[in-house]
Structure formats: C-alpha cells, structure tokens
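Q: how would this look folded up:
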Amino acid sequence: SWYVALFASLGTLSFALASPVWGVLADKYGRKLMLLRANFIAALLMPMIGFITCADLVILHRVGLGAVTGTVPAAQPLMLSMIPAGKRTFVLGVLSSCFFSGLMVGQFGGGELVNQVGFLWTFITCGMILALAGALVLPVKENFVRPAAAPKNPSAKKDFWKFFDFGKVWYLMILCICMTASRDLDGAFIPVLVDKIMEDNARALRWSGYIFGSCSAVAIVMGTVIGWIADRTKMLNVLLILTGLSVLFRIPQIFTDSVTTLMIYRCMLAAAACGIEPLLNSWIAAAVPDASISSANLRALPFL
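A: Reported below is the predicted structural model:
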C-alpha cells in the first residue's frame, strides 16, 4: 500500500509542478507541438517500465514520466482553441468521454493482457498505442498565431506579483485540486481492497480491471450528456448537483464486503463525478483570454 501511494502521488506531483511550464510553452509555441511532445515522449518512456525490476526505480521513473508527459491536458487547449465558446462545455464532455473510453479499454484489457503476456509486453503495447495517438495528431492543422512580444514595462515586477491575486481563476483552480483529490483519493487502492475481499490475487487483478472498466463505460455516456446539459442551463446548478450525488454515492462503499456491490457503487459515483472536471475546465476557459488557455489549464490528473 505504501508503494502504491508513492507511485500514485509522486507521479501526480511531478505532473502538477511541470504542467504550468508546458502550459506557458504551449501558449508561446503552439498547442499541437505540446500534444505531440506528450505523446511521443510517453511512447518512448512507457515501455521502459517493463524492464525495471526494483520498486524504487519504478516510482522514480513514474516521477520523470509525470514531469515530461501529459496528453489529456495538452489535448484540451488545442480543442478549446478550435471551437466556439458556446460549445466548449459539450466538447470537453466529449473529450472526457473519449478519455474514459480509453481507460475502459485499457482497464478491461490490461489485467487480462498482463495475465497472458506479462508486464513487459503490456507496457510495450502501451508505448505503441501512444505512438499511434501521436501519429494521428500530425495531420491536424492548428490556427496558431504566436503572440507578439510584450514591450518592456518598468512596473514588470509589480505586475508579476499581481499574478498571485486571488481572482476567479485561482478559486477555480483550487476547486479543481479539491475535486480531483476527493475523486481519486481511493482510486489507487481499489485493487488492494478487491484483493482483500476476494483473497485471490489472480482474480483480484482481473476484477479490479472490470470495476475500473465499468466505471469508465458509464463515464463515456455521462460525460457527453452532462456537457450537453451544462451548455443549456446554469453551470453552477449542474456542478452542485453532481457534487452532492458524488458524496451520496461514495459513502456506501465504506460498508461493502462484496466486489459486485462495490462495482455498482463505483459506477454510480463515476456517473456523477465524471462531469465535474469538464465543467470546471470550461469555467476556467471562459475566465481567461484565449491566448492564455494552456497556461491556465492546471489540473491534477493521475494519468498521462
């Protein structure tokens, strides 16, 4: 459990620290370039995990991987820069559905693939899929205009400190951190819980994949539906409802001693929680200039 916690938290921490840097570079040199960077570097680094035989080195590798990759945060600004403001929430919901559909395939198939061919070839397969994803981005045409260099300002230092004023964007980013932390706090430990319930390591690996995959399947549908609804009603009301339902569906998981019941509760939680992140990201995009969307897109995703 300690190593699982280190793997999940340190990789996410390095990702969170590096994201502002990649966001600023995306606003300066183009969002497509950053998405290609994330995909192809991940494609090179992911297979290396399969050759590591020391748990400490796996964690260290995950820290480096989190710092130099991040495909979903790189894809969001590229999409936001290509669509009208009135459709952004819906498109972010679609992207969320795509993200969870990839999770579903990986989670359903990952456990079985490990059982059939081992961890090494599973990680090599991950690298190949990431490389394919990068190749699909290559023909995309981005209408990117590099912003003109700002003239030297004698009060630049004073303006720098204004960056830390707690305006709307900062509050929204704090909300993103809180929502993501609460949503994913126990995610890394679900396989440990399933193993404890079933007392069978081989079956637990497979059933952990089934639970995550089922949640992703639910999120595929609900991400698009919630995005469509949010574009047609008051976003804050939708966000409050989703947050309340997430709390309601999480509590019963404390008392379950059945894998099937746990799967049902997790799916209900996924149906509510999957729409929170696209709503917050759309809110952030509406609160900042289009030229700064990438650098404002700071999120805490424990996934590449």
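Q: any weak-confidence spans in the stretch 201-304 of the chain?
A: Residues of the stretch 201-304 of the chain that meet the criterion pLDDT under 70 lie in 201-202, 285-304.
Q: let's see 80
A: For the stretch 201-304 of the chain, the stretches flagged by pLDDT under 80 are 201-206, 209, 219-220, 223-224, 227-228, 230-233, 235, 254, 274-275, 277-304.
Q: Helices of that one, residue ranges please.
A: 201-230, 235-250, 259-273, 276-287, 293-296 (DSSP state H, counting those that start in this stretch).
Q: Make JSON lines out of those and add mean neighbour count.
A: Quick note: C-beta positions are derived from backbone N, CA and C, even for glycine. As requested, these are arranged in JSON lines below (neighbours: other C-beta atoms under 10 Å):
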{"stretch": "helix 201-230", "mean neighbour count": "20"}
{"stretch": "helix 235-250", "mean neighbour count": "16"}
{"stretch": "helix 259-273", "mean neighbour count": "19"}
{"stretch": "helix 276-287", "mean neighbour count": "22"}
{"stretch": "helix 293-296", "mean neighbour count": "22"}
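Q: do you know which of those lies nearest residue 123?
A: Residue 123 lies closest, by C-beta to C-beta, to one member of those: helix 201-230, at 15.4 Å.
Q: where's the closest one relative to the chain centroid, distance-wise?
A: 14 Å (C-alpha atoms, centre = their mean, to the nearest Å).
Q: go on, stretch 69-86?
A: Distance, stretch centre to chain centre, for stretch 69-86: 13 Å (C-alpha atoms, centre = their mean).
Q: Ends of that stretch, what's the gap?
A: Taking C-alpha to C-alpha, to the nearest Å, stretch 69-86 runs 29 Å from one end to the other.
Q: in that stretch, what counts as buried?
A: Buried positions in stretch 69-86, judged by neighbour count with 16 or more other C-beta atoms under 10 Å: 69-81.
Q: circling back to that earlier point, got TSV for the helices of the stretch 201-304 of the chain, with distance to residue 25 too?
A: Listed next are these as TSV, based on distance: least, C-beta to C-beta, whole Å:
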stretch	distance to residue 25
helix 201-230	28
helix 235-250	29
helix 259-273	30
helix 276-287	18
helix 293-296	8
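Q: which stretch among those comes nearest residue 34?
A: helix 293-296 (7.2 Å).
Q: and residue 52, how many neighbours does it have?
A: By other C-beta atoms under 10 Å, the residues close to residue 52 number 16.
Q: residue ranges of the strands in the protein, please?
A: For the chain, applying DSSP state E gives no strands.
Q: distance of the nearest residue to residue 18 once chain neighbours are set aside from residue 52?
A: Here the nearest residue to residue 18 in space, its sequence neighbours aside, is residue 67; by C-beta to C-beta, 6 or more residues apart in numbering that works out to 4.3 Å. For residue 67, the distance to residue 52 (C-beta to C-beta, to the nearest Å) stands at 17 Å.
Q: what pLDDT does the nearest residue to residue 278 once chain neighbours are set aside get?
A: Nearest non-adjacent residue to residue 278, counting by C-beta to C-beta, 6+ apart: residue 92, 3.9 Å away. With respect to pLDDT, residue 92 has a value of 73.
Q: likewise the one 10 residues further on?
A: pLDDT recorded at residue 102 is 78.
Q: burial of it, as a residue count?
A: The burial count for residue 102: 17, using other C-beta under 10 Å.
Q: can you check residue 104 too?
A: Neighbour count of residue 104, defined by other C-beta under 10 Å: 20.
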